[in-house]
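# Below is the sequence, then the predicted model.
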Protein chains: 2
Amino acid sequence: MEYNTQPLEYFIESCRKNNLKVTPQRMAIFQALVQDGSHPNPEIIYNRVRAKHPTISFATVYKTLETFEKFGLITRVTRLHDTVRYDPEIEPHHHIICVKCRKVINLFDEGLNNLPVPREVTSSNHVVDYSVHFNVVCEDCNN
Amino acid sequence: MEYNTQPLEYFIESCRKNNLKVTPQRMAIFQALVQDGSHPNPEIIYNRVRAKHPTISFATVYKTLETFEKFGLITRVTRLHDTVRYDPEIEPHHHIICVKCRKVINLFDEGLNNLPVPREVTSSNHVVDYSVHFNVVCEDCNN
DNA sequence: TTTCCACAGAATAATCATTATCGTCTACTT
DNA sequence: AAGTAGACGATAATGATTATTCTGTGGAAA
Ligand SMILES: [Mn+2]
Ligand SMILES: [Mn+2]
Ligand SMILES: [Zn+2]
Ligand SMILES: [Zn+2]
């Protein structure tokens, strides 16, 4: 379902499926996230929600987003936002990222280094580089 | 140059090129980063360096890594680590990320959704999903 | 080789993002 | 209508990163 297709109904249905209570705050948080495609951070969502719910707490926004993610209602742009991860490899390459232990492994692959970059990307941007993130559960974390 | 090919010489040469002073701490920080392919965070690097430089400061590690990155000696796994960015779109898609203003734009592309996943990835991991990050300088930031 | 100084390092405080705690409240069940 | 598990709000605590300030030194210049 697209993010702008009857988002409220979709949201309520998803909550019910997961035994999450439907509250005004939760609806407002979801709507604040869905209202455009800007991939906002918690602070922006907090400010949007405050317009209608002036007493909402920052912690509530954090907790709620975490809950939504846990139940698959929303996602994160990257799973590696918690601390900076540095890399001495400056040539183009890709990464295998374990979503559980946060291990990051280099992936060198000729095919991936020569992807056809969509016109949508090149038409209005100067492309610095690109890389593919494979989110995985690694061998060590698999049991 | 590979990260494990005479890394010290490469490091010193790179510093000289950029008028960065070559200090024992800087060499140690670079070596701590290069010693394996683990994409360590500043804390891990700090702990590694402390073995030989017990008085080094955490802040020095941060500043030095920042400097290295600024001059292109090293990179980051993702440029979106600073705050969580949430996404209501749960279907597979990709992102255009401006490295200057941190804008994130959705990219839906059939071709990118069906990349041949290298055996190296599938052989020892359970793939959850993958996405392509196009790091760009966007139109708005381009002048 | 000595001198000098811009830049690097150490210590520490400050800031910013995120998470934990806990008392109160309420959505939903019965 | 009442009961209860879970949600909310307030706030403190933690963790990551950045700023400040003072001291020290690498490397150019004399
Ligand atoms: Mn890498
Ligand atoms: Mn997206
Ligand atoms: Zn793992
Ligand atoms: Zn931009």
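Looks like it came in fine. Ligands and ions are numbered 1, 2, ... in the order given.

# Could you tell me which residues make contact with the closest residue to A:Asn18 other than its chain neighbours?
Distance criterion CB to CB, 6 or more residues apart in numbering or on different chains; nearest residue to A:Asn18, sequence neighbours excluded, is A:Phe71 at 4.4 Å. In this view, the C-beta of every residue, glycine as well, is placed from N, C-alpha and C. A:Phe71 sits next to A:Ser14, A:Asn18, A:Leu20 when contact means CB atoms under 8 Å, 6 or more residues apart in numbering or on different chains.

# what does chain A put close to DNA strand C?
Within chain A, the positions adjacent to DNA strand C are A:15, A:21-24, A:41-43, A:58-59, A:62, A:66, A:81-82 by CB under 7 Å from any atom of the strand.

# Identify the residues contacting the spatially most central residue of chain A.
Of all residues in chain A, the one closest to the mean position by CA atoms, centre = their mean is A:Arg76, 1.2 Å from it. Applying CB under 8 Å, 6+ apart to A:Arg76 gives the contacts A:Glu69, B:Val84, B:Arg85, B:Tyr86, B:Asp87.

# hang on, the last one packs against A:Leu73?
If I follow you right, that is B:Asp87. No. Assessed by CB atoms under 8 Å, B:Asp87 is found out of contact with A:Leu73, at 10.7 Å.

# that older thread, ramachandran angles for the residue nearest to A:Asn18?
Reported as degrees, to the nearest 10, the phi and psi values for A:Phe71 are phi -100, psi 10.

# So for it, what's the pLDDT?
pLDDT for A:Phe71: 97.

# Tell me how many other residues surround the one residue in chain A that gets nearest to ligand 2.
Proximity of chain A to ligand 2 (CB to the ion) peaks at A:His39, 5.7 Å away. Per other CB atoms under 10 Å in any protein chain shown, the neighbour tally for A:His39 reads 24.

# beta partners of the residue nearest to it when sequence neighbours are not counted?
Distances taken as CB to CB, 6+ apart place B:Val104 nearest to A:His39, at 4.0 Å, with adjacent residues excluded. As for beta bridges, B:Val104 partners with B:Ile97 under DSSP bridges.

# Would you confirm that B:Val104 contacts B:Ile97?
Yes. Assessed by CB under 8 Å, B:Val104 is found in contact with B:Ile97 at 5.4 Å.

# Pull the distance from the strand or helix carrying A:Tyr62 to the chain's centre.
Assigned by DSSP states H and E, A:Tyr62 belongs to helix A:58-70. Offset of helix A:58-70 from its chain centre (CA atoms, centre = their mean, to the nearest Å): 13 Å.

# buried sites along stretch A:26-43?
Across stretch A:26-43, burial judged by 16 or more other CB atoms under 10 Å in any protein chain shown covers A:26-34, A:39-42.

# For chain A, which residues are neighbours of ligand 3?
Residues of chain A found near ligand 3 (CB under 5 Å from the ion) are A:Cys98, A:Lys100, A:Cys101, A:Cys138, A:Cys141.

# Output the residues you listed in a markdown table, with neighbour count appended to each entry.
Compiled in a markdown table, these are given as follows (neighbours: other CB atoms under 10 Å in any protein chain shown):
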| residue | neighbour count |
| --- | --- |
| A:Cys98 | 22 |
| A:Lys100 | 13 |
| A:Cys101 | 11 |
| A:Cys138 | 18 |
| A:Cys141 | 15 |
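
# ok, so of those, who is nearest A:Arg48?
Nearest to A:Arg48 out of those is A:Lys100 (CB to CB; 31.6 Å).

# Would you mind confirming that that closest one makes contact with A:Cys141?
Yes. If you go by CB under 8 Å, A:Lys100 and A:Cys141 touch, sitting 4.0 Å apart.
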